[in-house]
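S.K.: Coordinates only, no sequence provided:
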């Protein structure tokens, strides 16, 4: 039955029994409609609470399907280097620890620290100083879960490519002996690890960028053993990147020259490597790929490879599918006009972040996304607070293992090393649901006012003013991250469908 209703010529209830144009109607009329339950069942829904929730609390969905208070999107910044540095790399070690590696500009030495996350805060343990003479682009770090070791790789003294195995105990780190994987000039280094077969892979560009190679090997204690180098590119190239597809049991190596991004699937037998044919990511990439500005990951949920890189006209993301020894790429998704480097990370559970630093203002920005067929599903980007910026290539996002949080590390304009923890699933308004219609005990089921409903459990609101959520406190605040509009001092009409 059609039942659109107007007040003073303004429609306030649509034919679908939904409230509309409420801000133009006096508070008494609106409150009466709400008390009568007008507006349909969409005005309130029931949820199970995590934690005790007071009436009138803004809530969001947790990763387990329950609701709770809006958690901070990110915590305070943590520092891991007080002097200028470059060649930053990082990797996740567990659900609450990461490894950070960098080279000091003052001493030329490699430094390693373990960061520990508590909530959305991070602190760092004692610094381990390893070796000097680090040069070149794209030093790399990878964690090997089944043997609880990490591996670093870099260009030593502009003369050799070297790697080292690290042993981690709590926040303490110790290093094995250096392993020389290339006896010439080395840059654009990347690492990957096959956890099923305990295989380590190192890719690099050598001889002034004239060719690209991969070696495969194993780790015993703190010793690396590798087979012969297998060349994947005989022409010029810049940086390299690798991802290991656990489902296919094969790897993908990506590299760039000054105009195009390429890829090849590689297959491993023992320590021998063979390659499939070369596949372009996109020949129409906007006028040239910028060296050292991208990365790649394997998403185990979609069983796809995700690659990002920066061109002269902005940043692009691609999704690749391995079939046999070939890889095919979907259409590239343009996601940023910034001229700053872009990176990609995954939690292994379908959540992917693509991040970069905006140019003006220079703040960290990211998409929380997922693979949709052969493209990344991008909606609205999230920009973190002022001071989360880098205008160098030294930026690394990593998801904590089995967690909803990622840690972003960067060089603060080439000076102090900084880290921030971001809760991309539970934090901020990513899981926003509504406002509690009554108090709900921990573990109990209770009602929540959702979009289209009116919450009458507020106090001190200014009539007609838009209210939103302060992401630092989770409390209502005027004009930020708006979720609705006050229709009386105690009533908030939730009229924003997306935040």
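M.R.: Happy to help now that I have it. All values derive from a computational prediction rather than experimental measurement.
S.K.: how long is stretch 366-377 end to end?
M.R.: The first residue of stretch 366-377 is 13 Å away from its last residue (C-alpha to C-alpha, to the nearest Å).
S.K.: Which strand or helix spans the one residue sitting closest to the centre of the chain?
M.R.: Centroid-nearest residue in the chain, with C-alpha atoms, centre = their mean: residue 353, separated by 2.9 Å. When elements are assigned from DSSP states H and E, residue 353 belongs to strand 352-357.
S.K.: next SSE after that strand?
M.R.: Downstream of strand 352-357, the next assigned helix or strand under DSSP H and E is strand 364-369.
S.K.: which strands and helices sit next to that next one?
M.R.: strand 352-357, strand 382-383 (3 or more C-beta pairs under 8 Å, 6 or more residues apart in numbering; DSSP states H and E). Bear in mind the C-beta positions are built from the backbone N, C-alpha and C, glycine included.
S.K.: right, and the helix or strand after that strand?
M.R.: Under the assignment DSSP H and E, the closest C-terminal helix or strand after strand 364-369 is strand 371-372.
S.K.: Buried residues, the helix or strand where residue 161 lies. List them.
M.R.: Per DSSP H and E, residue 161 falls inside strand 160-169. Of the residues in strand 160-169, those buried under the neighbour-count criterion (16 or more other C-beta atoms under 10 Å) are 160, 161, 162, 163, 164, 165, 166, 168.
S.K.: now swap in stretch 114-131 and tell me
M.R.: Neighbour-count burial for stretch 114-131, counted by 16+ other C-beta under 10 Å, picks out 114, 115, 116, 117, 120, 122, 124, 125, 127, 128, 130, 131.
S.K.: among the residues you listed, which are in strands?
M.R.: Among the buried residues of stretch 114-131, the subset assigned to strands under DSSP state E consists of 114, 115, 116, 117, 122, 124, 128.
S.K.: Tell me which of the helices and strands packed on strand 364-369 sits most buried.
M.R.: Across the helices and strands packed on strand 364-369, averaging neighbours per residue (mean count of other C-beta atoms under 10 Å) puts strand 352-357 on top, at a mean of 26.
S.K.: Run the angle between that one and strand 364-369 for me.
M.R.: Counting by axes from the mean of the first three to the mean of the last three C-alpha atoms, to 10 degrees, strand 352-357 points 160 degrees away from the direction of strand 364-369.
S.K.: So in that sheet, which strands flank strand 352-357, and in what orientation?
M.R.: For strand 352-357, sheet partners with direction are given as strand 342-346 (antiparallel), strand 364-369 (antiparallel), following DSSP bridges.
S.K.: circling back: quick check: the farthest pair among the ones in strands among the buried residues of stretch 114-131?
M.R.: The widest separation within those, taken as C-beta to C-beta, falls between 117 and 128 and amounts to 19.4 Å.
S.K.: beta partners of the residue nearest to the centre of the chain?
M.R.: In beta-bridge terms (that is, DSSP bridges), residue 353 pairs with residue 345, residue 368.
S.K.: That one reaches residue 345, doesn't it?
M.R.: Yes: proximity of residue 353 to residue 345 meets the contact threshold set by C-beta atoms under 8 Å, at 5.4 Å.
S.K.: Spatially nearest residue to residue 167, not counting backbone neighbours?
M.R.: With C-beta to C-beta, 6 or more residues apart in numbering as the measure, residue 174 is the residue that lies nearest to residue 167, at 4.9 Å, once sequence neighbours are left out.
S.K.: Paired strands for the host helix or strand of the one you found, with orientation please.
M.R.: Secondary-structure element containing residue 174, defined by DSSP H and E: strand 172-175. Strand pairing for strand 172-175, using DSSP bridges, gives strand 160-169 (antiparallel).
S.K.: if we can go back for a sec, check which helices and strands the following helix or strand past the strand holding residue 174 sits against.
M.R.: Moving toward the C-terminus from strand 172-175, the next helix or strand (DSSP H and E) is strand 179-182. Counting by 3+ C-beta pairs under 8 Å, 6+ apart, the packing neighbours recorded for strand 179-182 are strand 160-169, strand 199-206, strand 223-226.
S.K.: Can you report how many residues lie near residue 302?
M.R.: Summarising burial for residue 302: neighbours were counted as other C-beta atoms under 10 Å, giving 19.
S.K.: which residues does it contact?
M.R.: By C-beta atoms under 8 Å, 6 or more residues apart in numbering, the contact set of residue 302 is 319, 350, 370, 371.
S.K.: I figured residue 436 was touching residue 51, is that so?
M.R.: No: look at residue 436 against residue 51 with C-beta under 8 Å: they stay out of range, at 11.3 Å.
S.K.: Neighbour count: the two, which is higher?
M.R.: It is residue 436, of residue 436 and residue 51, that has more neighbours when counted by other C-beta under 10 Å, with 24 against 15.
S.K.: So what pairs up with that one in the strands?
M.R.: With DSSP bridges as the criterion, residue 436 is bridged to residue 448.
S.K.: what's the least confident helix or strand in this structure, going by average pLDDT?
M.R.: Every helix and strand in the chain was compared by mean pLDDT, DSSP states H and E; the lowest is helix 27-35, with a mean of 49.
S.K.: Now the element after that helix, going C-ward?
M.R.: On the C-terminal side of helix 27-35, the closest following helix or strand by DSSP H and E is strand 44-48.
S.K.: Adjacent strands (with direction) for that next one?
M.R.: Taking DSSP bridges as the criterion, strand 44-48 forms sheet pairs with strand 445-449 (antiparallel).
S.K.: What lies in contact with the partner strand?
M.R.: Residues external to strand 445-449 that are found in contact with it (C-beta under 8 Å, 6+ apart): 43-49, 53, 59, 67, 433-440, 455, 494.
S.K.: pLDDT averaged over the helix or strand just after it - what is it?
M.R.: The C-terminal neighbour of strand 445-449 among helices and strands, as given by DSSP H and E, is strand 454-455. Confidence for strand 454-455, expressed as mean pLDDT, is 94.
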